[in-house]
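>>> After the sequence you'll find the predicted model.
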Amino acid sequence: MFELIGIPPQALFGQMLLGLINGAFYAVLSLGLALIFGLLNVINFTHGAQYMLGAYVAWLLLNFLGINYWLALILAPVVVGAFGILLERLMLRKLYHLDHLYGLLLTFGLALIIEGVFRNLYGISGQSYPVPPVLTGGYNLGFMFLPLYRGWVVFFSLVVCLGTWLVIEKTKLGSYLRAGTENPTLVQAFGINVPRMITLTYGFGVGLAALAGVLAAPIYQVKPTMGADMIIVVFAVVVIGGMGSIMGSVVTGFMLGLLEGLTKVFYPEASNTVIFVVMAVVLLIKPAGLFGKAS
Amino acid sequence: MPDTNPELQLEVSDLHAHYGESHILHGMNFAVPKGEVVTLLGRNGAGKTTTMKAIMGIVQKRGGSIRFEGQELVGLPSNRIARLGLAYCPEERGIFSSLNVTENILLPPVVKPGGMSLQDIHGLFPRLKERGYSQGTKLSGGEAQMLAIARILRTGASLLLLDEPTEGLAPLIVQQIGDIIRDLKRRGYTILLVEQNFRFAATVADRHFVVENGVVVDWLPNDQIGQSTEKLKKYLGV
């Protein structure tokens, strides 16, 4: 029946899967950005570099210490998250009382420095990271072939996003976070150590970026520019979803990934721009974003 | 006022506070005895709210001394101050819109034993039980004020700072707030109240301090408020 619209099902589903995988990265990355923006009011431009760092830490762990993918999935976010905590403590913290723009400039500068250092160390051609042995191969689903690792990425990203959302919406810690996003001064006056909560939230958001980096390592090349390529699209996702909206960023991430995949099937020329077209339309019609609240 | 008196729960001496470049408090002096309801009366902009915020550490640029149960608060961040047993109910109420009513009540952490249970709070504020799942900002002004007060009763704090709890409320609700403040006093809470409405203040408080331009210019016990009405009217510009 798919022949009716002139698209072989293999191509259609194949592109949808690719779109879903991109969407998974968009979702995990924009989730971290939304969390950070919500509580810190900082537009974390270093996010792409931190994603790249996650991939590189996994690659370094494997090649120099023989530490496998599964451990890297835990270790890399912890290492990169700790680096994020250091950045927050030493630099970002000093900018909270200033305009958003200063945080953006600082994190943008840091992104360039980190990317430059890795470009210097590893060149731009990129390293490959092997798919972990238990996830090699795939299943023939009849209408398409599903590579196991790609299925894992989509599944695991969904779990991470859902888990984060549950913690924020359903736990005590999450209520501190939501309240702190609205009125940090009052939350602190109730006895909660808000500065520490801010530090840990930044660390967690950065850890999410690194996690996405580890997930991406076996699919894309591990290379210094991988974050810069990704971050622009992720910012578009965040704008479309609504700045600071947790659910919005996750849903929008997956939807836009799919949309991008479908565009590749039906009108490949537009696939690189479709997200930005959507962004422009959303900004014109609903400037706060699809899930954002107008302030 | 004596230097250290165990009966004084809060002693504020020569308190100065700044917002950025502007110097708001110019040496406030007053004290709150344990178990009393004490008001700060004064016009808009006299420095009453700033005094509250300076006590809570929300205004960090402050000098002089604020002693709570003998411990110095100047220099401590607001989260440490709250942990000592002070709780703050801001003028704008500060109800969190992303939390429902019950989540709002449960938000402030318990800092000392002896606070009210959720059940006690629902007994005192039955409306808040009915509206438990409503979003924090879907409440009427009166309900929001009740919630803002209810929220700080669970924590075990013994000194409550209430900033204009009657502002903008209908007379019937103001009466209810008065009942609640008297009830809280009976339960042993010490209360520092900021008010512009001295007629309301007279129905709940034990003593009043008059604030003008960032200093305390006068004080009187509540039983003298009758003969001082004219003087108070002049201070408050009503």
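Ah, there it is.
>>> Residue ranges in chain B under the pLDDT threshold?
Scanning chain B with the threshold set as pLDDT under 70 gives B:1-6.
>>> again, only using 80
Per-residue confidence of chain B (counting by pLDDT under 80) places the weak regions at B:1-6, B:136-137, B:237-238.
>>> Just want the residue of it that's nearest chain A.
As assessed by Cβ to the nearest Cβ, chain A sits closest to residue B:82 within chain B, at 3.4 Å. (Each C-beta comes from the backbone N, C-alpha and C, glycine too.)
>>> that's a helix at that residue, yeah?
Yes. Per DSSP: H, G, I helix; E, B strand; the rest coil, residue B:82 lies within a helix segment.
>>> residue ranges for the helices of chain B, please.
Taking DSSP state H as the criterion, chain B contains helices spanning B:48-56, B:78-83, B:101-106, B:118-124, B:126-130, B:141-150, B:171-186, B:198-204, B:229-236.
>>> correct me, but the residue of chain B closest to chain A touches residue B:157?
Yes. Taking Cβ atoms under 8 Å as the definition, residue B:82 is a contact partner of residue B:157 at 7.4 Å.
>>> Now do the shared contacts for those two.
In the contact map built from Cβ atoms under 8 Å, 6 or more residues apart in numbering or on different chains, the residues linked to both residue B:82 and residue B:157 are residue B:111.
>>> Next up, the contacts around residue A:92.
A:40, A:42, A:103, A:106, A:107, A:202.
>>> now, which of the residues you listed sits nearest chain B?
Each of the contacts of residue A:92 was scored against chain B by Cβ to the nearest Cβ, and residue A:40 proved nearest at 16.6 Å.
>>> near chain B, which residues of chain A show up?
Residues of chain A lying close to chain B by Cβ under 8 Å from any Cβ of the partner chain are A:172, A:175-176, A:178-179, A:181-183, A:185-195.
>>> In PyMOL, select just the buried ones from these.
To isolate the buried subset of the residues of chain A next to chain B in PyMOL, counting by 16 or more other Cβ atoms under 10 Å in any protein chain shown, use the following:
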select buried, chain A and resi 175+176+178+179+181+182+183+186+187+188+189+190+191+192+193+194+195
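>>> Now, the residues of chain A next to chain B that are in helices?
Assignment to helices by DSSP H places the following of the residues of chain A next to chain B there: A:172, A:175-176, A:178-179, A:181-182, A:185-189, A:194-195.
>>> which residues does the closest residue to residue B:160 other than its chain neighbours form a beta bridge with?
Sequence neighbours aside, residue B:191 is the residue nearest to residue B:160 in space, at 4.9 Å (criterion: Cβ to Cβ, 6 or more residues apart in numbering or on different chains). Beta bridges link residue B:191 to residue B:37, residue B:160 when assigned by DSSP bridges.
>>> For residue B:162, see how far away residue B:191 is.
Noted for residue B:191: a distance of 6 Å to residue B:162, by Cβ to Cβ, to the nearest Å.
>>> the more surrounded of the two?
When residue B:191 is set against residue B:162 and neighbours are counted by other Cβ atoms under 10 Å in any protein chain shown, the residue ahead is residue B:162, at 28 against 23.
>>> The more buried one against residue B:193, yeah?
Yes. Taking Cβ under 8 Å as the contact criterion, residue B:162 and residue B:193 are neighbours in contact, 5.0 Å apart.
>>> Disregarding residues adjacent in the polypeptide, which is nearest to residue A:111?
With Cβ to Cβ, 6+ apart, the residue lying closest to residue A:111 is residue A:49, at 4.2 Å.
>>> Ignore what I typed, I meant residue A:18.
Closest residue in space to residue A:18, ignoring its immediate chain neighbours: residue A:261 at 5.3 Å, by Cβ to Cβ, 6+ apart.
>>> give the contact list for the one you found.
Neighbouring residues of residue A:261 by Cβ under 8 Å, 6+ apart: A:15, A:16, A:17, A:18, A:19, A:20, A:22, A:23.
>>> Quick one: which of the residues you listed is the most crowded by neighbours?
Most neighbours among the contacts of residue A:261, by other Cβ under 10 Å: residue A:23, with 26 neighbours.
>>> Surely that residue touches residue A:258?
Yes. Applying Cβ under 8 Å, one finds residue A:23 in contact with residue A:258, separated by 5.7 Å.
>>> Would you mind putting the CA coordinates of the helix or strand hosting residue A:215 into PDB?
Here residue A:215 sits within helix A:194-216, counting by DSSP states H and E. Provided in PDB are the C-alpha atoms of helix A:194-216 (Å, rounded to 0.1, in the frame of the first residue of the first chain):
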ATOM      1  CA  VAL A 194      19.200  27.300  46.900                       C
ATOM      2  CA  PRO A 195      22.800  28.100  45.800                       C
ATOM      3  CA  ARG A 196      23.700  24.400  46.300                       C
ATOM      4  CA  MET A 197      20.500  23.300  44.500                       C
ATOM      5  CA  ILE A 198      21.500  25.600  41.600                       C
ATOM      6  CA  THR A 199      25.000  24.100  41.400                       C
ATOM      7  CA  LEU A 200      23.600  20.500  41.400                       C
ATOM      8  CA  THR A 201      21.000  21.300  38.800                       C
ATOM      9  CA  TYR A 202      23.700  22.700  36.500                       C
ATOM     10  CA  GLY A 203      25.800  19.600  37.100                       C
ATOM     11  CA  PHE A 204      22.800  17.400  36.300                       C
ATOM     12  CA  GLY A 205      21.900  19.300  33.200                       C
ATOM     13  CA  VAL A 206      25.500  19.100  32.000                       C
ATOM     14  CA  GLY A 207      25.500  15.400  32.900                       C
ATOM     15  CA  LEU A 208      22.500  14.900  30.700                       C
ATOM     16  CA  ALA A 209      24.400  16.500  27.800                       C
ATOM     17  CA  ALA A 210      27.300  14.200  28.400                       C
ATOM     18  CA  LEU A 211      25.000  11.200  28.500                       C
ATOM     19  CA  ALA A 212      23.600  12.100  25.100                       C
ATOM     20  CA  GLY A 213      27.200  12.300  24.000                       C
ATOM     21  CA  VAL A 214      28.000   8.800  25.100                       C
ATOM     22  CA  LEU A 215      24.800   7.500  23.400                       C
ATOM     23  CA  ALA A 216      25.800   9.300  20.300                       C
END
